[in-house]
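Participant: one predicted model, sequence on top.
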Amino acid sequence: MKKLLFLSFALAFSIGFAQEQDDEDKKDWGRLTGGFESNIQWYNDDKKLGKFAEDEHFRSNNYLKLDYNYGNWFAGIQVESYAPMPLLNYSPKLDDSGIALYYAMYKTRKLEVTAGYFYEQFGSGLILRGWENRPLGINNAFRGGRIKYDPSNSLSFTAMYARQRDGFEVSEGEIFGFNSEIDLTNLFKLETSSLSAGLSYVGRKEDIPEEFQNTGFDEMTNAFSARLDYSGNSFYSGIEYITKSEDAIVNSQRYIENFVESGSAL
(Lines give C-alpha, C1' and ligand atoms only; values in the text may rest on other atoms or scores of the structure.)
Protein backbone atom coordinates (compact mmCIF):
# COMPACT_ATOMS: atom_id res chain seq x y z
CA MET A 1 0.00 0.00 0.00
CA LYS A 2 1.04 3.59 -0.60
CA LYS A 3 1.90 5.49 2.56
CA LEU A 4 0.13 8.83 2.84
CA LEU A 5 -0.54 11.74 5.13
CA PHE A 6 -4.20 12.75 5.32
CA LEU A 7 -5.80 15.98 6.56
CA SER A 8 -9.48 16.83 6.52
CA PHE A 9 -11.46 19.71 8.02
CA ALA A 10 -14.91 21.27 7.66
CA LEU A 11 -16.48 24.59 8.68
CA ALA A 12 -20.16 25.61 8.76
CA PHE A 13 -21.75 29.01 9.41
CA SER A 14 -25.10 30.83 9.39
CA ILE A 15 -25.61 34.61 9.15
CA GLY A 16 -28.88 36.51 9.42
CA PHE A 17 -29.32 39.97 7.88
CA ALA A 18 -31.70 42.50 9.44
CA GLN A 19 -32.00 46.29 9.57
CA GLU A 20 -33.47 48.07 12.59
CA GLN A 21 -36.24 50.53 11.68
CA ASP A 22 -37.44 51.47 15.16
CA ASP A 23 -37.31 50.08 18.66
CA GLU A 24 -39.27 46.92 17.82
CA ASP A 25 -39.47 46.48 14.07
CA LYS A 26 -36.68 44.99 11.99
CA LYS A 27 -36.50 44.53 8.25
CA ASP A 28 -35.42 40.99 7.45
CA TRP A 29 -32.95 40.72 4.57
CA GLY A 30 -32.77 36.96 4.67
CA ARG A 31 -30.21 34.43 5.85
CA LEU A 32 -26.92 33.21 4.43
CA THR A 33 -25.67 29.75 5.37
CA GLY A 34 -22.63 27.90 4.13
CA GLY A 35 -19.90 25.44 4.71
CA PHE A 36 -16.35 24.70 3.63
CA GLU A 37 -14.76 21.27 3.45
CA SER A 38 -11.22 20.35 2.47
CA ASN A 39 -9.61 16.93 2.14
CA ILE A 40 -5.84 16.95 1.62
CA GLN A 41 -3.43 14.09 1.04
CA TRP A 42 0.32 13.85 0.63
CA TYR A 43 1.49 10.59 -0.92
CA ASN A 44 4.88 9.41 0.36
CA ASP A 45 7.40 7.19 -1.35
CA ASP A 46 7.35 3.65 0.03
CA LYS A 47 10.69 2.10 1.01
CA LYS A 48 9.55 -1.38 0.02
CA LEU A 49 7.32 -0.66 -2.98
CA GLY A 50 9.35 2.17 -4.40
CA LYS A 51 8.60 5.76 -5.31
CA PHE A 52 5.08 7.11 -5.70
CA ALA A 53 4.15 6.46 -9.32
CA GLU A 54 2.47 9.82 -9.98
CA ASP A 55 4.26 13.13 -10.54
CA GLU A 56 2.16 15.09 -8.04
CA HIS A 57 2.46 13.99 -4.38
CA PHE A 58 0.17 16.71 -2.98
CA ARG A 59 -3.54 16.58 -3.84
CA SER A 60 -6.69 18.14 -2.42
CA ASN A 61 -10.47 18.20 -2.86
CA ASN A 62 -12.16 21.41 -1.67
CA TYR A 63 -15.84 22.38 -1.47
CA LEU A 64 -17.40 25.75 -0.62
CA LYS A 65 -21.22 25.79 -0.44
CA LEU A 66 -23.29 28.96 0.02
CA ASP A 67 -27.10 29.14 0.35
CA TYR A 68 -29.24 32.25 0.66
CA ASN A 69 -32.90 32.41 1.74
CA TYR A 70 -35.23 35.40 1.64
CA GLY A 71 -38.89 34.63 2.29
CA ASN A 72 -40.04 32.08 -0.27
CA TRP A 73 -36.91 32.49 -2.38
CA PHE A 74 -33.79 30.36 -2.19
CA ALA A 75 -30.52 30.44 -4.14
CA GLY A 76 -27.11 28.86 -3.83
CA ILE A 77 -23.82 27.88 -5.38
CA GLN A 78 -21.16 25.25 -4.76
CA VAL A 79 -17.57 26.05 -5.68
CA GLU A 80 -15.20 23.11 -6.03
CA SER A 81 -11.44 23.02 -6.41
CA TYR A 82 -9.31 19.97 -7.15
CA ALA A 83 -5.87 21.50 -6.93
CA PRO A 84 -3.30 20.77 -8.02
CA MET A 85 -5.01 17.44 -8.75
CA PRO A 86 -7.91 15.46 -7.22
CA LEU A 87 -7.24 12.73 -4.68
CA LEU A 88 -6.39 9.35 -6.14
CA ASN A 89 -9.27 7.19 -7.41
CA TYR A 90 -11.51 10.20 -8.10
CA SER A 91 -12.83 10.87 -11.57
CA PRO A 92 -10.21 12.39 -13.90
CA LYS A 93 -12.93 14.81 -15.04
CA LEU A 94 -12.63 16.54 -11.66
CA ASP A 95 -9.55 18.45 -12.73
CA ASP A 96 -10.60 22.08 -12.41
CA SER A 97 -11.62 24.84 -10.01
CA GLY A 98 -14.78 26.89 -10.31
CA ILE A 99 -18.53 26.98 -9.78
CA ALA A 100 -19.74 23.40 -10.04
CA LEU A 101 -23.38 23.82 -8.92
CA TYR A 102 -25.90 26.66 -8.75
CA TYR A 103 -29.65 26.95 -8.31
CA ALA A 104 -32.57 29.29 -7.69
CA MET A 105 -35.82 28.11 -6.09
CA TYR A 106 -39.24 29.48 -5.20
CA LYS A 107 -41.08 27.48 -2.54
CA THR A 108 -44.48 27.67 -0.85
CA ARG A 109 -46.46 25.08 1.09
CA LYS A 110 -47.91 23.56 -2.09
CA LEU A 111 -45.56 24.64 -4.88
CA GLU A 112 -41.81 24.40 -5.43
CA VAL A 113 -40.06 25.56 -8.62
CA THR A 114 -36.31 25.02 -9.11
CA ALA A 115 -33.97 26.13 -11.91
CA GLY A 116 -30.32 25.13 -12.10
CA TYR A 117 -28.81 22.11 -10.32
CA PHE A 118 -30.85 19.92 -7.99
CA TYR A 119 -30.95 16.42 -6.49
CA GLU A 120 -33.92 14.12 -6.96
CA GLN A 121 -34.93 10.52 -6.32
CA PHE A 122 -38.02 8.62 -7.49
CA GLY A 123 -39.05 5.72 -5.28
CA SER A 124 -36.11 3.58 -4.21
CA GLY A 125 -33.91 5.27 -6.82
CA LEU A 126 -33.79 2.36 -9.27
CA ILE A 127 -34.85 4.53 -12.23
CA LEU A 128 -33.77 7.97 -10.98
CA ARG A 129 -31.36 9.08 -8.27
CA GLY A 130 -29.24 12.21 -8.19
CA TRP A 131 -27.12 12.57 -5.05
CA GLU A 132 -23.81 13.68 -3.60
CA ASN A 133 -21.31 11.60 -1.63
CA ARG A 134 -17.99 13.42 -1.41
CA PRO A 135 -15.96 10.60 0.20
CA LEU A 136 -16.97 8.34 -2.71
CA GLY A 137 -16.46 11.06 -5.31
CA ILE A 138 -20.09 10.90 -6.44
CA ASN A 139 -22.09 13.93 -7.54
CA ASN A 140 -24.53 13.27 -10.35
CA ALA A 141 -26.83 16.24 -9.74
CA PHE A 142 -29.32 17.28 -12.42
CA ARG A 143 -29.13 20.61 -14.24
CA GLY A 144 -32.40 21.88 -15.64
CA GLY A 145 -35.83 22.62 -14.20
CA ARG A 146 -38.12 20.93 -11.70
CA ILE A 147 -41.66 21.60 -10.46
CA LYS A 148 -43.15 20.00 -7.35
CA TYR A 149 -46.84 20.42 -6.56
CA ASP A 150 -48.69 19.11 -3.50
CA PRO A 151 -52.41 19.82 -4.01
CA SER A 152 -53.23 18.11 -0.69
CA ASN A 153 -51.60 16.21 2.15
CA SER A 154 -52.32 12.96 0.29
CA LEU A 155 -51.00 13.87 -3.17
CA SER A 156 -47.59 14.97 -4.41
CA PHE A 157 -46.42 15.41 -8.01
CA THR A 158 -43.00 16.15 -9.49
CA ALA A 159 -42.04 16.96 -13.08
CA MET A 160 -38.50 17.62 -14.29
CA TYR A 161 -36.29 18.11 -17.33
CA ALA A 162 -32.51 18.06 -17.02
CA ARG A 163 -29.10 16.82 -18.03
CA GLN A 164 -26.94 15.02 -15.49
CA ARG A 165 -23.68 16.35 -14.11
CA ASP A 166 -20.50 14.81 -15.54
CA GLY A 167 -17.42 16.36 -13.96
CA PHE A 168 -17.69 20.12 -14.50
CA GLU A 169 -19.93 19.57 -17.53
CA VAL A 170 -23.26 17.81 -18.08
CA SER A 171 -24.18 14.72 -20.07
CA GLU A 172 -25.32 14.86 -23.67
CA GLY A 173 -28.46 12.87 -22.90
CA GLU A 174 -31.66 14.69 -21.93
CA ILE A 175 -33.71 13.38 -19.00
CA PHE A 176 -37.47 13.73 -18.64
CA GLY A 177 -39.14 12.67 -15.41
CA PHE A 178 -42.51 12.54 -13.69
CA ASN A 179 -43.29 11.21 -10.23
CA SER A 180 -46.46 10.85 -8.18
CA GLU A 181 -46.86 9.94 -4.51
CA ILE A 182 -50.29 8.98 -3.18
CA ASP A 183 -51.06 8.55 0.53
CA LEU A 184 -53.85 5.96 0.84
CA THR A 185 -54.04 5.99 4.63
CA ASN A 186 -57.12 8.20 4.89
CA LEU A 187 -58.80 6.55 1.89
CA PHE A 188 -58.78 3.17 3.65
CA LYS A 189 -59.40 4.81 7.04
CA LEU A 190 -56.28 3.32 8.62
CA GLU A 191 -55.67 4.53 12.17
CA THR A 192 -52.62 2.63 13.42
CA SER A 193 -50.84 2.06 10.10
CA SER A 194 -50.07 3.84 6.84
CA LEU A 195 -50.29 2.87 3.17
CA SER A 196 -48.87 4.76 0.19
CA ALA A 197 -48.39 4.18 -3.53
CA GLY A 198 -46.21 5.73 -6.19
CA LEU A 199 -45.93 5.87 -9.96
CA SER A 200 -42.89 7.20 -11.84
CA TYR A 201 -41.66 7.70 -15.39
CA VAL A 202 -38.14 8.56 -16.58
CA GLY A 203 -37.15 9.05 -20.21
CA ARG A 204 -33.65 9.59 -21.59
CA LYS A 205 -33.14 11.02 -25.06
CA GLU A 206 -29.79 10.60 -26.83
CA ASP A 207 -28.75 11.41 -30.37
CA ILE A 208 -27.97 8.29 -32.39
CA PRO A 209 -24.52 8.28 -34.08
CA GLU A 210 -24.76 8.12 -37.86
CA GLU A 211 -23.14 4.67 -38.05
CA PHE A 212 -25.91 3.25 -35.84
CA GLN A 213 -28.90 4.84 -37.58
CA ASN A 214 -30.25 1.54 -38.95
CA THR A 215 -29.70 -0.69 -35.95
CA GLY A 216 -33.14 -0.32 -34.37
CA PHE A 217 -31.73 1.68 -31.47
CA ASP A 218 -34.36 4.27 -30.46
CA GLU A 219 -33.13 7.66 -29.27
CA MET A 220 -35.63 7.49 -26.38
CA THR A 221 -35.22 5.02 -23.52
CA ASN A 222 -38.22 4.80 -21.19
CA ALA A 223 -38.43 3.44 -17.65
CA PHE A 224 -41.54 3.05 -15.48
CA SER A 225 -41.92 2.36 -11.75
CA ALA A 226 -44.91 1.27 -9.65
CA ARG A 227 -44.61 0.77 -5.88
CA LEU A 228 -46.58 0.19 -2.71
CA ASP A 229 -45.42 0.80 0.88
CA TYR A 230 -47.08 -0.25 4.12
CA SER A 231 -46.09 0.30 7.74
CA GLY A 232 -47.81 -0.48 11.01
CA ASN A 233 -46.45 -0.77 14.53
CA SER A 234 -43.08 -2.57 14.17
CA PHE A 235 -43.78 -3.95 10.68
CA TYR A 236 -42.78 -2.36 7.40
CA SER A 237 -42.99 -3.66 3.84
CA GLY A 238 -42.36 -2.19 0.43
CA ILE A 239 -42.53 -3.46 -3.13
CA GLU A 240 -41.48 -1.74 -6.35
CA TYR A 241 -41.57 -3.02 -9.91
CA ILE A 242 -39.48 -1.45 -12.66
CA THR A 243 -39.65 -1.93 -16.41
CA LYS A 244 -37.30 -0.39 -18.97
CA SER A 245 -37.60 -0.19 -22.75
CA GLU A 246 -34.99 -1.38 -25.23
CA ASP A 247 -31.62 0.27 -24.79
CA ALA A 248 -28.03 -0.04 -25.95
CA ILE A 249 -25.47 -1.99 -23.91
CA VAL A 250 -22.02 -0.38 -24.06
CA ASN A 251 -18.91 -2.11 -22.77
CA SER A 252 -15.88 -0.49 -21.13
CA GLN A 253 -14.25 0.08 -24.54
CA ARG A 254 -17.28 2.18 -25.61
CA TYR A 255 -18.30 -0.50 -28.08
CA ILE A 256 -22.01 -1.22 -28.40
CA GLU A 257 -22.43 -4.94 -27.80
CA ASN A 258 -26.23 -5.11 -28.06
CA PHE A 259 -28.49 -2.55 -29.64
CA VAL A 260 -31.85 -3.52 -28.16
CA GLU A 261 -32.20 -4.95 -24.67
CA SER A 262 -35.16 -4.35 -22.42
CA GLY A 263 -35.15 -5.05 -18.70
CA SER A 264 -37.10 -5.19 -15.47
CA ALA A 265 -36.51 -5.34 -11.72
CA LEU A 266 -38.51 -6.16 -8.62
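Facilitator: Ah, there it is. Residues are numbered from 1 along each chain as shown.

Participant: only C-alpha atoms from now on, for both contacts and neighbour counts.
Facilitator: Noted.

Participant: in the stretch 101-250 of the chain, where is pLDDT below threshold?
Facilitator: 211-216, 249-250 (pLDDT under 70).

Participant: now the strands for it?
Facilitator: Under the criterion DSSP state E, counting those that start in this stretch, the stretch 101-250 of the chain carries strands at the ranges 111-118, 132-133, 138-139, 142-152, 155-166, 169-170, 174-183, 193-205, 220-232, 235-250.

Participant: out of these, which comes closest to Leu66?
Facilitator: strand 111-118 (13.6 Å; Cα to Cα).

Participant: pull out the buried positions in the closest one.
Facilitator: Glu112, Val113, Thr114, Ala115, Gly116, Tyr117, Phe118 (16 or more other Cα atoms under 10 Å).

Participant: could you do stretch 179-186 as well?
Facilitator: Within stretch 179-186, the residues scored as buried using 16+ other Cα under 10 Å are Asn179, Ser180, Glu181, Ile182, Asp183, Leu184, Thr185.

Participant: mind listing what the first one touches?
Facilitator: Remark: with contacts taken as Cα atoms under 8 Å, 6 or more residues apart in numbering, Asn179 is in contact with Phe122, Phe157, Thr158, Ala159, Gly198, Leu199, Ser200, Tyr201.

Participant: quick check: the farthest pair among the residues you listed?
Facilitator: Among the contacts of Asn179, Ala159 and Gly198 lie farthest apart (Cα to Cα), at 13.8 Å.

Participant: tabulate the strands of the stretch 101-250 of the chain (CSV), appending distance to Trp42.
Facilitator: As requested, the strands of the stretch 101-250 of the chain are exported to CSV (distance: least, Cα to Cα, whole Å):
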stretch, distance to Trp42
strand 111-118, 32
strand 132-133, 22
strand 138-139, 22
strand 142-152, 33
strand 155-166, 26
strand 169-170, 28
strand 174-183, 39
strand 193-205, 41
strand 220-232, 44
strand 235-250, 36
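
Participant: and those: which comes nearest Ala10?
Facilitator: strand 132-133 (14.9 Å).

Participant: other SSEs contacting the closest one?
Facilitator: strand 138-139 (3 or more Cα pairs under 8 Å, 6 or more residues apart in numbering; DSSP states H and E).

Participant: give me the helices and strands touching the strand it packs on, please.
Facilitator: strand 132-133.

Participant: how about the nearest residue to Phe36, chain neighbours excluded?
Facilitator: With Cα to Cα, 6 or more residues apart in numbering as the criterion, Phe36 has its nearest non-adjacent residue at 4.5 Å, and that residue is Leu64.

Participant: you'd agree the one you found is up against Gln78?
Facilitator: Yes: in this structure, Leu64 is within contact of Gln78 by Cα atoms under 8 Å, at 5.6 Å.

Participant: partners of Phe265 in the sheet?
Facilitator: Let me fix one detail, which is that residue 265 is Ala and not Phe. Ile242 (DSSP bridges).

Participant: doesn't Ile239 make contact with it?
Facilitator: No: using Cα under 8 Å, Ala265 is not in contact with Ile239, being 10.7 Å away.

Participant: related to what we said a few turns ago, direction included, what does the host helix or strand of the residue nearest to Phe36 pair up with?
Facilitator: Counting by DSSP states H and E, the element that carries Leu64 is strand 58-70. With DSSP bridges as the test, strand 58-70 is paired with strand 26-43 (antiparallel), strand 73-82 (antiparallel).

Participant: what comes up buried for the longest one?
Facilitator: When you say that, I think you mean strand 26-43. Arg31, Leu32, Gly34, Phe36, Glu37, Ser38, Asn39, Ile40, Gln41, Trp42, Tyr43.

Participant: return the distance of the second one relative to Lys107.
Facilitator: So that's Leu32. 17 Å (Cα to Cα, to the nearest Å).

Participant: which residue is nearest the centroid of this structure?
Facilitator: Gly130 (2.5 Å; Cα atoms, centre = their mean).
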